[in-house]
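Q: Sequence first, then the predicted structure:
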Amino acid sequence: MVGQAGDFIRDIVAAEAAAGKVVRTRFPPEPNGYLHIGHAKAICIDFGIAEEFGGSCNLRMDDTNPSKESMDYVEGIKRDIAWLGFKWDKLCFASDYFEQMYDYAVKLVGMGLAYVCELSSEDVRVSRGTLTEAGRGSPFRDRPVQENLELFKRMRGGEFPDGSMTLRAKIDMASPNLNLRDPVMYRILRVGHYRAKDKWCIYPSYDWAHGLEDSIEGITFSLCDLDFENHRPLYDWFLDKLEIHHPRQIEFARLNLSHTVMSKRKLMTLVEKRLVSGWDDPRMPTICGLRRRGFSPGAIRRFCSTIGVTKFNSLTDCALLDHCLREDLNKTATRAMAIIDPVKVVIENYPEGSTEMLEAVNNPEDPAAGTRKIPFSRELYIESGDFMDSPPPKFFRLSPGREVRLRYAYFIKCLRAVRDDSGNLVELRCSYDPETRGGNAADGRKVKGTIHWVSAAHSAVGEVRLYDRLFLEEKPDSEDYERLVNPESEKILLGCRLEPSLPQAKPGAVFQFERLGYFCADLKTHSPEKPVFNRTVPLRESWAKNRK
RNA sequence: UGGCCGAUGGUGUAAUGGUAGCACAACAGGUUCUGGCCCUGUUAGUCAAGGUUCGAGUCCUUGUCGGCCAGCCA
């Protein structure tokens, strides 16, 4: 019954639930774009609170403006929420309530609280006044009720051109809250609705529609972001005048994440300018982008609970997201070995043509994950960064004369580096110690370093895509995206060498490539014939920091 | 120059008039067949000034700074 760490909303809900109120919430996206990590925060709050208090949460498409909405977005939204692991009570559509909303509007007109206004949008803007000056009443403000009723009916009937009239609530043109200066309830819009088709040519505005949607569904807590704080008096006004079920609106701060952008418009710009490959580009903060990047639902939910719920406009460091990601993946990801920048190693004293199978642990954090066999042979690949001719102090890897452990295999010693005429490293000639099979020396001697490897002949060639933060700037607020996008946010590496089992991975499968990071088989392009892995997030690396 | 809302280490948050705590980040160390994980430690905070109170991060006043609002978007 009692939820997790109580934030200010949970405190309110807990108090009212204790007094007998049923907890019914809703998540109300407009189906005109894809969900992103900021929506995930709202989703976790809306669905999470309902769940914690034994209530329910509806998924409602707030489809009151047909110009940019579509069924594709509806499907995308449903898929993303389901993927996050939440179950909605009812799937609702604001468009299903249009008739009822119209009736309520007629009722309000009848009460003398709404009127048909013939001012142009420009004239409405001018007459609304400014932040410091009161507005002027519309010349149509005192139109008789009968005439309003008649005109409103004809608006619906399609007798007037788009934009020629609106239905406005009659509230207070001098209110310091501009939302109360006779807000528009209906506009004439001859645009086919993706569900209602051409049944309507008038559409309700957000302020008029939203409270009604909540009321009709019997919502008790209408949770939304801080932007709607100024709209709450209007939300309350409509419901009070109509004397219908009145949910409580509570606002919280939306999520801002460092080194990325979150608004639909900015995300759209990135897609349209081809600065990313699409809405599901692994660098995008969209749910589909994060999914393709290799995020788990658990990591996202953990992150959302870690950031909390407040009314403070904050900027969350993306390092916190990375932390939650690693925390989750460390426990669940199968380990594998892959070489993203290969250099060949020849073990001179290992018999030519022979192969042996060695046992490797699948996940040291989860014994139940078991072990697997990996092939070892005379020719291997290791990471080129794991070798240096003249290493600096505290370099624990390979260099001439030095011995390291090949993970789950043998100790090897570097005899010499072979270079071509231009000085490029061609291969490393090494020897191995047969007495160290499995990774431990019979004589008990230790090595400082353990490196990962794959057998040259048995490994698969694959593509690995390295991802990094989309923007270099913490808070990219200029529109100059071409210059702001991190040029190294995506690096495509070809000719990587993968452990033999990796090409068979199912698209979306997540691995930890030992010593490198977490990677997933790309959802769109990975295949056994042409393996493609995306780097979700690198492992923490204290060595790299020390070198600076 | 109107109204509403907010302000706690570098970042995100907790403390509901009674010892300012947690997490991330950073730094130092321990452990280790992943320079991962894990463990230990260090640095670092109540926007300001008044007031109420035995006692204020918390309540009051004023100020400062920040967010939102002048769509027939949501």
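A: Right, received. Where do you want to start? As the structure is a computational prediction, the values presented were derived from the model and not from experiment.
Q: Next up, the contacts around whichever residue of the stretch 351-500 of chain A sits closest to RNA strand B.
A: Closest contact between the stretch 351-500 of chain A and RNA strand B, by C-beta to the nearest atom of the strand, is at A:Gly439 (1.9 Å). Where you see a C-beta, it was placed from the backbone N, CA and C, and this is true even at glycine. A:Gly439 makes contacts with A:Arg405, A:Leu406, A:Arg407, A:Tyr408, A:Ala409, A:Tyr410, A:Phe411, A:Thr450, as judged by C-beta atoms under 8 Å, 6 or more residues apart in numbering.
Q: Take those and lay them out in a markdown table including pLDDT, distance to RNA strand B and neighbour count.
A: A markdown table is the format used below for the contacts of A:Gly439 (pLDDT from 0 to 100; distance: C-beta to the nearest atom of the strand, whole Å; neighbours: other C-beta atoms under 10 Å):
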| residue | pLDDT | distance to RNA strand B | neighbour count |
| --- | --- | --- | --- |
| A:Arg405 | 98 | 5 | 19 |
| A:Leu406 | 98 | 8 | 24 |
| A:Arg407 | 98 | 4 | 18 |
| A:Tyr408 | 98 | 5 | 23 |
| A:Ala409 | 98 | 7 | 23 |
| A:Tyr410 | 98 | 9 | 23 |
| A:Phe411 | 98 | 10 | 23 |
| A:Thr450 | 98 | 4 | 17 |
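Q: List just the nearest of the residues you listed to A:Val510.
A: Using C-beta to C-beta, A:Arg407 is the member of these that sits closest to A:Val510, with 19.7 Å.
Q: wait, is A:Lys41 part of a strand?
A: No: according to DSSP: H, G, I helix; E, B strand; the rest coil, A:Lys41 belongs to no strand; its state is helix.
Q: Would you mind measuring from the residue of the stretch 351-500 of chain A closest to RNA strand B to A:Lys90?
A: Using C-beta to C-beta, to the nearest Å, we find A:Gly439 at a distance of 57 Å from A:Lys90.
Q: coming back round to it: mind checking which of the contacts of A:Gly439 land in helices?
A: Among those, DSSP state H puts none in helices.
Q: Please tell me how far the residue nearest to A:Asn179 when sequence neighbours are not counted sits from A:Arg445.
A: Distances taken as C-beta to C-beta, 6 or more residues apart in numbering place A:Leu234 nearest to A:Asn179, at 4.9 Å, with adjacent residues excluded. Taking C-beta to C-beta as the measure, A:Leu234 falls 77 Å from A:Arg445.
Q: and those two? which has more neighbours close in?
A: A:Leu234 (22 against 12; other C-beta atoms under 10 Å).
Q: my guess is the more buried one meets A:Asp207, correct?
A: Yes: between A:Leu234 and A:Asp207 there is a contact under C-beta atoms under 8 Å: 5.1 Å.
Q: Between those two, which contacts overlap?
A: Common neighbours of A:Leu234 and A:Asp207, counting by C-beta under 8 Å, 6+ apart, are A:Asn179, A:Pro183.
Q: Would you mind listing what in the stretch 251-400 of chain A touches RNA strand B?
A: By C-beta under 7 Å from any atom of the strand, the residues of the stretch 251-400 of chain A that approach RNA strand B are A:253, A:306-317, A:319-320, A:322-323, A:326-327, A:330, A:335, A:363-365, A:394-397.
Q: if you look at those residues, which of them are in helices?
A: If you go by DSSP H, those have A:Thr306, A:Ile307, A:Ala319, A:Leu320, A:Asp322, A:His323, A:Arg326, A:Glu327, A:Asn330 in helices.
Q: pLDDT score for the second one?
A: The confidence metric pLDDT takes the value 98 at A:Ile307.
Q: Just give the nearest non-adjacent residue to it, would you?
A: In space, A:Ile307 is closest to A:Thr316, 5.6 Å off (C-beta to C-beta, 6+ apart).
Q: Same question for A:Ala40.
A: A:Ile300 (5.3 Å).
Q: State whether the residue nearest to A:Asn179 is indeed within a strand.
A: No: if the criterion is three-state DSSP, then A:Leu234 is helix and not within a strand.
Q: For RNA strand B, see how far away it is.
A: Here A:Leu234 is placed at a distance of 10 Å from RNA strand B (C-beta to the nearest atom of the strand, to the nearest Å).
Q: Can you show me the helices along the stretch 101-250 of chain A?
A: Taking DSSP state H, counting those that start in this stretch, the helices of the stretch 101-250 of chain A run over residues A:121-127, A:145-156, A:206-216, A:232-242.
Q: so after the helix or strand encompassing A:Leu494, what's the next helix or strand?
A: Assigned by DSSP states H and E, A:Leu494 belongs to strand A:490-498. Downstream of strand A:490-498, the first helix or strand assigned by DSSP H and E is strand A:510-513.
Q: residues of that next one that come out buried?
A: For strand A:510-513, the buried set under the neighbour-count rule, 16 or more other C-beta atoms under 10 Å, comprises A:Val510, A:Phe511, A:Gln512, A:Phe513.
Q: how far out from the middle of the chain is it?
A: With C-alpha atoms, centre = their mean, to the nearest Å as the basis, strand A:510-513 stands 20 Å off its chain's centre.
Q: That one pairs with which strands, and in what direction?
A: Strand A:510-513 sits in its sheet next to strand A:334-336 (parallel), strand A:517-521 (antiparallel), going by DSSP bridges.
Q: Can I get the longest one in CSV? Just the C-alpha atoms.
A: Put plainly, it is strand A:517-521. Provided in CSV are the C-alpha atoms of strand A:517-521 (Å, rounded to 0.1, in the frame of the first residue of the first chain):
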residue,chain,number,x,y,z
GLY,A,517,31.6,-2.3,-22.0
TYR,A,518,28.0,-3.4,-22.6
PHE,A,519,26.9,-4.1,-26.2
CYS,A,520,23.8,-5.4,-27.9
ALA,A,521,23.1,-7.0,-31.2
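Q: Contacts only, for the residue nearest to A:Asn179.
A: A:Ala169, A:Ile171, A:Asn177, A:Asn179, A:Leu180, A:Pro183, A:Asp207 are the contacts of A:Leu234 under C-beta under 8 Å, 6+ apart.
Q: Can you name the residues bridging to the first one?
A: Think A:Ala169. If you apply DSSP bridges, the partners that A:Ala169 bridges to are A:Ala114.
Q: related to what we said a few turns ago, run through who's touching the strand holding A:Leu494.
A: Here strand A:490-498 makes contact (C-beta under 8 Å, 6+ apart) with A:282-283, A:336, A:338-342, A:381, A:454, A:456, A:459-468, A:531, A:533.
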